[in-house]
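Student: Make a model of this:
(one chain, ligands or ions: 2)
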Amino acid sequence: MRIWTRMMVLAAALAAAPVSAAPAFITLGTMGGPIADPHRSQPANLIVDGSDAWLVDCGDGTVEQLAKAGIRLPQVKALFLSHLHFDHTGGVAALLGLRYQTNVPGRLAIYGPPGTRAMVDGLLASMAPAAAAGYGLPGEPQADPAAMVEVTEIASGSVVRIGAATVTAAQNSHYSFAPGSDADRRFKSLAFRFDLPGRSIAYTGDTGPSAAVAALARGVDLLVSELIDVDATVANVRRNTPDMPAPAIAALTRHLSGHHLTAAQVGELAVRAGAKQLVVTHLVAPGATPAALDAIEAQIAAAYKGSIVIAQDLQRF
Ligand SMILES: [Zn+2]
Ligand SMILES: [Zn+2]
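Tutor: Residues are numbered from 1 along each chain as shown. Ligands and ions are numbered 1, 2, ... in the order given. Okay, here's the model as predicted:
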C-alpha cells in the first residue's frame, strides 16, 4: 500500500473511531524493540468492546496514547501482558500511578506470564511514598495501592473470561529455553486469542516461527503480528557499534531471526492460520522508509493473499 493510501486509511480509521460499535483493535504504539522512536510509540494495543477496554501490552507512553485515542483511564478494565520485556511494560507504572491519583474505582485486572505478580508488587511498592503524601493535605485518608489491582499469572492454555470475551493464551517462541527447564518454567512469552461477539482477534506478542501461535490463530478474523527486518536491524547495530566482533554479530542475527518474525515468516503464519485479515505492528525496522514498508508488505503478500496493513500508531481495526 502506497504511503498516501496508508495516510488516507489512517484518516478514515480515526474519523470512524467514535461511532464503531463492533469490537475493535487499536494500535496505540507500533514500535518494536527497546530503541525509542520519534514516530512510533512503544508497544501497546487496546481492545475496545462496548464500554470496556483492555490493554494488550503497555509500553512507555501508553497513557498518552490512550488519551490520543479518546479513551479515559476508568474505561480500561484489564491489562494483558504478553511478556515482561521492558518495552512492553514501561507504561504500567504510569497506568497504576495515575489511576491511583485520580481514584479510578474498581480493580484493574492484570493478566501476564510468570513474574507478572513480582513486577506489579515492585511497582506498588514504588508508589508507597507518593501514596503516603496523598494530595499533601494533613489527615487525609490513605488508600492502599495494592487494593486497586488483581493480578493473575497465566500460561499456555490458560483461558480467561472477561466481559463478553474469551481470551486464550499460548506460549510462543520468543524465548527458547529448553522445554521443562527451570528457566522455561520461570519465563514465558505468550500470544493471545480474543474471541469476542462476532469477531476473533489473535495477537502474536513477540515470537519467532511457532506452531502453537499458528494453531491459536486458526481461522481468526484479525491476526495482529509482530515483524522484524533483520538486515535493517543488524545494519543499525553495526552503525551503533562498528567494532562489534563477527561472532557477536552472528549470535545477534541468530537471536533476531529465531525470536522474531521476518516478513516472509509473517506471511507464512497468516497462511497457516487462515487469517482473514493481517495487521502488522511491533515493527522492528529501524528507519524504514515508505518504500521499505512497501517492500515488507510485498514480501508478506508473496505468501498471504488477504488484506495486509502495516499499522501506524492509533489506527483502529
Ligand atoms: Zn517486543
Ligand atoms: Zn520481547
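
Student: per-residue confidence for whatever residue of the stretch 1-150 of the chain ends up closest to ligand 2?
Tutor: At 3.6 Å from ligand 2, residue 85 is the closest residue in the stretch 1-150 of the chain, using C-beta to the ion. C-beta: built from backbone N, CA, C; applies to glycine. The score at residue 85 is 95. That number is its pLDDT.

Student: I'd like to know how far it sits from residue 282.
Tutor: 11 Å (C-beta to C-beta, to the nearest Å).

Student: Please identify the nearest residue in space to the residue in the stretch 101-250 of the chain that ligand 2 sits nearest to, excluding sequence neighbours.
Tutor: Proximity of the stretch 101-250 of the chain to ligand 2 (C-beta to the ion) peaks at residue 206, 3.7 Å away. The spatially closest residue to residue 206, leaving aside those adjacent along the chain, is residue 174, at 4.2 Å (C-beta to C-beta, 6 or more residues apart in numbering).

Student: sorry, back to before: shouldn't the residue of the stretch 1-150 of the chain closest to ligand 2 be in contact with residue 42?
Tutor: No - the pair residue 85 and residue 42 does not pass the contact test of C-beta atoms under 8 Å, sitting 10.4 Å apart.

Student: who's more crowded, these two?
Tutor: residue 42 (28 against 19; other C-beta atoms under 10 Å).

Student: what residues are up against the more buried one?
Tutor: Shown in contact with residue 42 (C-beta atoms under 8 Å, 6 or more residues apart in numbering): 29, 31, 36, 59-62, 87-88, 90-91.

Student: 10 Å instead, please
Tutor: Under the criterion of C-beta atoms under 10 Å, 6 or more residues apart in numbering, the neighbours of residue 42 are 28-36, 57-62, 65, 86-91, 282.

Student: Just the element for it, please.
Tutor: Here residue 42, judged by DSSP states H and E, is contained in no helix and no strand.

Student: Okay, helices next: where are they in the stretch 201-317 of the chain?
Tutor: 211-216, 230-240, 246-259, 263-273, 290-301 (DSSP state H, counting those that start in this stretch).

Student: how about the residues of this structure near ligand 2?
Tutor: Selection of the chain residues close to ligand 2 by C-beta under 5 Å from the ion yields 85, 206.

Student: low-scoring pLDDT stretches of the chain, where are they?
Tutor: Applying pLDDT under 70 to the chain picks out residues 1-20.

Student: Endpoint to endpoint, stretch 149-160 covers what distance?
Tutor: Its first and final residues considered, stretch 149-160 spans 16 Å by C-alpha to C-alpha, to the nearest Å.

Student: In that stretch, which residues are buried?
Tutor: 149, 151, 153-154, 158, 160 (16 or more other C-beta atoms under 10 Å).

Student: Hmm, residue 84 and residue 114 touching each other?
Tutor: Yes - taking contacts as C-beta atoms under 10 Å, residue 114 lies within contact range of residue 84: 9.0 Å.

Student: is it true that residue 156 touches residue 185?
Tutor: No - applying C-beta under 10 Å as the test, residue 156 and residue 185 come out as separate, 11.6 Å apart.

Student: Would it be right to say that residue 176 lies in a helix?
Tutor: No - using DSSP: H, G, I helix; E, B strand; the rest coil, the assignment for residue 176 is coil, not a helix.

Student: And it, how close does it get to residue 212?
Tutor: 13 Å.

Student: Strands along the stretch 101-250 of the chain, start to end?
Tutor: Using DSSP state E, counting those that start in this stretch, the strands of the stretch 101-250 of the chain run over 108-112, 149-153, 159-162, 165-171, 190-196, 199-203, 222-228.

Student: Relative to the last one, what are the paired strands and their orientations?
Tutor: The sheet places strand 222-228 alongside strand 199-203 (parallel), strand 277-284 (parallel), with pairing taken from DSSP bridges.

Student: do the third one as well
Tutor: For strand 159-162, sheet partners with direction are given as strand 165-171 (antiparallel), following DSSP bridges.

Student: check contacts around the residue nearest to residue 216 when sequence neighbours are not counted.
Tutor: Sequence neighbours aside, residue 170 is the residue nearest to residue 216 in space, at 4.1 Å (criterion: C-beta to C-beta, 6+ apart). By C-beta under 10 Å, 6+ apart, the contact set of residue 170 is 155-158, 190-193, 202, 204-205, 207, 210-217.

Student: Now do the shared contacts for residue 85 and residue 282.
Tutor: In contact with both residue 85 and residue 282: 33, 43, 57, 59, 205-206, using C-beta under 10 Å, 6+ apart.

Student: what about residue 304, distance to ligand 2?
Tutor: As for residue 304, its distance to ligand 2 is 23 Å (criterion: C-beta to the ion, to the nearest Å).
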